[in-house]
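>>> Okay, predicted coordinates and the sequence, questions at the end:
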Amino acid sequence: MKNCLLLLVLILLLPPAAALSAQAQDLPSVFDSRELRVTEPVFGGEVRILEAGRGKPVSVLLVHGLGDLAGGTWEKLIPELVGDYHVIAVDLPGFGRSEKRNALYSPARYAAFLKWVVDRYAPGPLVVIGHSLGGAIALHFAASHPENLQRLILADVAGILHRAVYTKELLAPMLPELPGPVDLKSLLGGVLGRLPTPPLDLDFLLGNEILRSRILGEDPAKIAALALVQEDFSPLLERVKAPTAILWGADDTVTPLRTGILLEAVLPRARLQVIPQAGHVPMFDQPQLFNRAVQDAIAGREIKPPSVPTVTGTRVGVCRGESGNTFSGAYDSIEITDCSDVRLTNITTGSLVIDRSRVVIEKGEIHGADVALKVTDSTITATGLRVEGETAILASGSSLDLAGVTLTGTSAAVQIVQPSTMYFSVSRSKSPHGNGFLHGVRRLGAGELF
């Protein structure tokens with residue numbers, strides 16, 4: 001547990017590549033702009049706010065991610081917006097030139113801070129743009145304060161997947177490739193290495209001023225990163241009603257594209273656009289493409305993604321002893337046996353049987369009369385999937401990583417034949433045994449069901 005959290009905090013604390021050696025910077029001078037330093041009531045400290053294009057009817061609020069580049073993240077975007085919009089770029093409390101305090105820098109409190117900014121400086125029609133941590137904060141704000149919000153634009157959002165998923169699939173394989181040198185002790189200050197055994201409850205740590213000082217060194221970045229990975233966005237996402245554009249760097253190795261696919265599937269009115277040859281900071285890597293995508297999103301001209309078929313087809317999909325196969329579209333049934341690296345995208349099928357295989361599913365629907373998804377001795381990663389049947393999933397000796405997945409079973413959402421592990425991120429189950437959100441790790445024994 002301790003090592004997993006250490007790795008997760010490491011990746012979330014790494015600043016964008018363009019900002020590795022950057023400190024807070026002056027934003028470019030733009031027409032009719034002003035820099036404000038005001039005391040805000042949520043964290044009780046002084047914050048820096050850049051305001052430009054005053055008098056324009058629509059306001060655009062820019063929310064940055066981790067790191068002291070802060071509002072400078074938007075230096076290439078602001079000049080493109082200021083001619084048409086009232087632009088507000090904040091240095092979040094604890095970052096950039098805003099005051100750094102020993103405070104609980106949680107997504108909920110940051111959303112309350114944004115509400116204060118909006119009420120004071122942008123009372124009219126509003127567009128919110130958030131990147132990385134700022135994207136998670138923007139989601140929290142959109143769910144909690146939907147009034148006047150016309151559009152939501154999210155870029156490479158961090159922290160939506162359950163932290164165990166980051167550790168299991170993302171952090172371990174990419175750790176040797178991290179930009180460096182990386183000194184764990186200097187970066188984290190021995191944060192989690194000094195936790196007692198068993199590890200201290202993170203919610204208790206975050207809420208305790210003395211422990212934040214002793215263990216997190218009063219460092220806003222460490223506090224904000226831990227608070228982010230502790231957040232469960234499951235009950236929030238379905239409350240986001242604003243049309244949402246999701247922009248993602250195709251080569252992002254910090255926050256996986258899978259999160260963008262999840263958000264597109266779960267948010268009621270969302271569209272995902274992938275920006276080629278861009279990493280975690282597409283506004284720096286591909287500024288022209290990013291700026292154009294933002295302007296199109298504000299105007300409602302998002303690119304429409306491929307749609308999932310609404311009915312099952314007559315085809316039968318089969319993979320036996322092969323590798324790298326792909327399936328998409330409508331099927332009557334799909335059977336995968338002794339296969340590796342199989343990918344299913346935008347599929348609809350009456351049943352899916354997976355045996356001794358490794359499969360990735362991105363968006364789709366499985367409608368089975370009896371068992372919709374049967375998994376035996378396999379590893380499954382599914383994102384944005386809906387599964388419905390008498391038993392939605394029948395699992396035996398398998399590992400299933402389910403993100404943004406809805407399971408509906410008239411008898412059971414999940415039934416376990418042999419012990420299996422299920423990783424849930426912002427998912428949901430509906431069955432006679434319960435109806436609720438799923439976010440966490442479940443290690444289930446034979447005969448268990450829910």
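Cool, the structure landed.
>>> Please count neighbours and contacts with C-alpha atoms only from this point.
OK.
>>> ok, longest strand in this protein?
strand 379-396 (DSSP state E).
>>> which secondary structure elements does the helix or strand just after that one contact?
Proceeding N to C from strand 379-396, the next assigned helix or strand is strand 399-403, under DSSP states H and E. Counting contacts by 3 or more CA pairs under 8 Å, 6 or more residues apart in numbering; DSSP states H and E, strand 399-403 packs against strand 379-396, strand 420-431.
>>> what angle separates strand 399-403 from strand 420-431?
50 degrees (axes from the mean of the first three to the mean of the last three CA atoms, to 10 degrees).
>>> Work out the gap between strand 399-403 and the centre of the chain.
A distance of 16 Å separates the centroid of the chain from that of strand 399-403, by CA atoms, centre = their mean, to the nearest Å.
>>> ok, then the element right after that strand?
Trace forward from strand 399-403 with DSSP H and E and the next one is strand 406-418.
>>> so what secondary structure elements neighbour that next one?
Using 3+ CA pairs under 8 Å, 6+ apart: strand 406-418 touches strand 379-396, strand 420-431.
>>> Turn those strands into a markdown table, columns for mean neighbour count.
A markdown table is the format used below for the helices and strands packed on strand 406-418 (neighbours: other CA atoms under 10 Å):
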| stretch | mean neighbour count |
| --- | --- |
| strand 379-396 | 24 |
| strand 420-431 | 22 |
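>>> Just tell me which of these ends up closest to residue 349.
strand 379-396 (9.8 Å; CA to CA).
>>> could you give the mean pLDDT of the closest one?
When pLDDT is averaged along strand 379-396, the result is 97.
>>> Now tabulate the helices and strands packed on strand 406-418 in TSV and tack on distance to residue 230.
Shown next, in TSV, are the helices and strands packed on strand 406-418 (distance: least, CA to CA, whole Å):
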stretch	distance to residue 230
strand 379-396	20
strand 420-431	12
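>>> for those, which one sits closest to residue 225?
Taking CA to CA, strand 420-431 is the member of those nearest to residue 225, at 17.6 Å.
>>> what angle separates the closest one from strand 379-396?
Interaxial angle of strand 420-431 relative to strand 379-396 (the same axes, to 10 degrees): 70 degrees.
>>> quick one: strand 420-431 to chain centroid distance?
Distance, stretch centre to chain centre, for strand 420-431: 17 Å (CA atoms, centre = their mean).
>>> what's next to that strand, contact-wise?
Strand 420-431 is contacted by residues 160-162, 164-165, 232-234, 395-413, 435-445, 450 when judged by CA atoms under 8 Å, 6 or more residues apart in numbering.
>>> Report the buried members of these.
Among the contacts of strand 420-431, those classed as buried by 16 or more other CA atoms under 10 Å are 160-162, 164-165, 232-234, 395-413, 437-441, 444-445, 450.
>>> Residue 318 versus residue 360, what's the distance?
15 Å (CA to CA, to the nearest Å).
>>> between these two, who's got more neighbours?
Higher neighbour count among residue 360 and residue 318: residue 360, with 18 against 13, using other CA atoms under 10 Å.
>>> In the protein, which helix is the longest?
helix 107-121 (DSSP state H).
>>> Not including adjacent chain positions, what is the nearest residue to residue 131?
Excluding the flanking residues, the one nearest residue 131 by CA to CA, 6 or more residues apart in numbering is residue 155, at 4.7 Å.
>>> Who does the one you found form a beta bridge with?
When assigned by DSSP bridges, residue 155 has beta-bridge partners residue 131, residue 247.
>>> mind listing what it touches?
Taking CA under 8 Å, 6+ apart, one finds 129-132, 135, 246-248 in contact with residue 155.
>>> any chance you could map the helices in the stretch 51-200 of the chain?
Secondary structure of the stretch 51-200 of the chain by DSSP state H, counting those that start in this stretch: the helices cover 78-81, 107-121, 133-144, 163-165, 172-174, 184-188.
>>> Provide a list of residues in contact with the closest residue to residue 122 other than its chain neighbours.
Distances taken as CA to CA, 6+ apart place residue 59 nearest to residue 122, at 6.0 Å, with adjacent residues excluded. Applying CA under 8 Å, 6+ apart to residue 59 gives the contacts 85-88, 122, 124-127.
>>> Quickly note the distance from residue 45 to residue 226.
Counting by CA to CA - residue 45 and residue 226 are separated by 21 Å.
>>> okay, the two: which has more neighbours?
Shown here are residue 45 and residue 226; by other CA under 10 Å, residue 226 has more neighbours (26 against 16).
>>> looking at this, that one is in a strand?
No: under DSSP: H, G, I helix; E, B strand; the rest coil, residue 226 falls outside any strand and is assigned helix.
>>> Could I get the pLDDT score of it?
Looking at residue 226, the pLDDT reads 91.
>>> how much space between it and residue 107?
Counting by CA to CA, the gap from residue 226 to residue 107 is 11 Å.
>>> quick one on the thing from earlier: deepest of the helices of the stretch 51-200 of the chain, which one?
When the helices of the stretch 51-200 of the chain are scored by mean count of other CA atoms under 10 Å, the highest mean neighbour count falls to helix 133-144 (a mean of 25).
>>> How far away from the center of its chain is it?
Centroid separation for helix 133-144 versus its chain: 10 Å, with CA atoms, centre = their mean.
>>> In a markdown table, list the helices of the stretch 51-200 of the chain along with mean pLDDT.
Converted to a markdown table, those look like this (pLDDT from 0 to 100):
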| stretch | mean pLDDT |
| --- | --- |
| helix 78-81 | 96 |
| helix 107-121 | 98 |
| helix 133-144 | 98 |
| helix 163-165 | 85 |
| helix 172-174 | 35 |
| helix 184-188 | 34 |
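>>> Put together CSV for the ones you listed, with distance to residue 384 on each row.
As requested, the helices of the stretch 51-200 of the chain are arranged in CSV below (distance: least, CA to CA, whole Å):
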stretch, distance to residue 384
helix 78-81, 33
helix 107-121, 23
helix 133-144, 18
helix 163-165, 15
helix 172-174, 24
helix 184-188, 34
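>>> Could I have the CA atoms of stretch 264-272 written out in PDB?
Output in PDB follows, covering the C-alpha atoms of stretch 264-272 (Å, rounded to 0.1, in the frame of the first residue of the first chain):
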ATOM      1  CA  GLU A 264     -16.900  10.600 -22.800                       C
ATOM      2  CA  ALA A 265     -18.900   7.500 -22.000                       C
ATOM      3  CA  VAL A 266     -20.100   8.600 -18.600                       C
ATOM      4  CA  LEU A 267     -20.800  12.300 -18.900                       C
ATOM      5  CA  PRO A 268     -24.200  13.000 -20.400                       C
ATOM      6  CA  ARG A 269     -23.100  15.400 -23.200                       C
ATOM      7  CA  ALA A 270     -19.400  14.800 -23.900                       C
ATOM      8  CA  ARG A 271     -17.200  14.400 -26.900                       C
ATOM      9  CA  LEU A 272     -13.600  13.300 -27.000                       C
END
